[in-house]
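In: Here is the input, now give the coordinates:
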Amino acid sequence: MTKRILIVDDSASVRQMVEATLKSANYMVTAAKDGLEAFNLCKTASFDFVLTDQNMPNMDGLSLIKSLRGLASYAQTPIIVLTTEASDSMKAQGRAAGATGWMVKPFDPSKLLEVARKVLG
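Out: Numbers count the residues shown, from 1 in each chain. You can find the predicted model right below:
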C-alpha cells in the first residue's frame, strides 16, 4: 500500500522540492501552505507521515503538532519538523510538542528519503 505523506510549508519552492523528492520514491504526497490548512486536511483525511515547517503564517509548526497530537487518529503518526531553526531550545520545544524528529533546511533529498523510510517502517 502506498504511504500517504502530508507536507506543510509556506514556501512554494520548498513544497515543490520536497514533493518531487518524495514522489520519486512513490509516496502519495499532499501539500498544505500553512498549519491551519494542514490541520483542516487532517481532520478529514488520513496521512501516514506529516512533514512540517516551523515558521508559517496562520499556524506554526509547533502549534500544528500540538493540535494533531490532540486528534486520536494522529496520536502515533510520525511528525518531522523541516525548518531553518536549528537551536537546541527549538528542538526541545518540538519534542515537548510531540515531534518525532527534526531536520534542518536546506535538506539533502537522500537524507529526506532515508528519514521517510525510517519513520514509515
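
In: check contacts around residue 73.
Out: By CB atoms under 8 Å, 6 or more residues apart in numbering, the residues touching residue 73 are 42, 46. In this view, the C-beta of every residue, glycine as well, is placed from N, C-alpha and C.

In: Just want to check the distance between it and residue 81.
Out: In this structure, residue 73 and residue 81 are 20 Å apart, going by CB to CB, to the nearest Å.

In: now do residue 103
Out: Using CB to CB, one gets 7 Å for the distance from residue 103 to residue 81.

In: higher neighbour count, the two?
Out: residue 81 (27 against 15; other CB atoms under 10 Å).

In: Contacts only, for that one.
Out: Residue 81 makes contacts with 52-54, 61, 65, 94, 99, 101-103, as judged by CB under 8 Å, 6+ apart.

In: Return the closest of those residues with respect to residue 86.
Out: residue 102 (8.3 Å; CB to CB).

In: The host helix or strand of that closest one - what's its average pLDDT?
Out: Per DSSP states H and E, residue 102 falls inside strand 101-104. Mean pLDDT, strand 101-104: 95.

In: for stretch 53-64, same thing?
Out: On average, stretch 53-64 scores 97.

In: Touching, residue 43 and residue 71? I think so.
Out: Yes. Between residue 43 and residue 71 there is a contact under CB atoms under 8 Å: 7.2 Å.

In: Can you give the contact residues for the host helix or strand of residue 29?
Out: Element membership of residue 29, judged by DSSP H and E, is strand 28-32. Strand 28-32 has contacts (CB under 8 Å, 6+ apart) with 2-9, 15, 18-19, 22-23, 38, 41, 45, 47.

In: what's the helix or strand following that strand packed up against?
Out: Next helix or strand after strand 28-32 toward the C-terminus (DSSP H and E): helix 35-44. Using 3 or more CB pairs under 8 Å, 6 or more residues apart in numbering; DSSP states H and E, the elements in contact with helix 35-44 are strand 4-8, strand 28-32, strand 49-52, helix 61-69.
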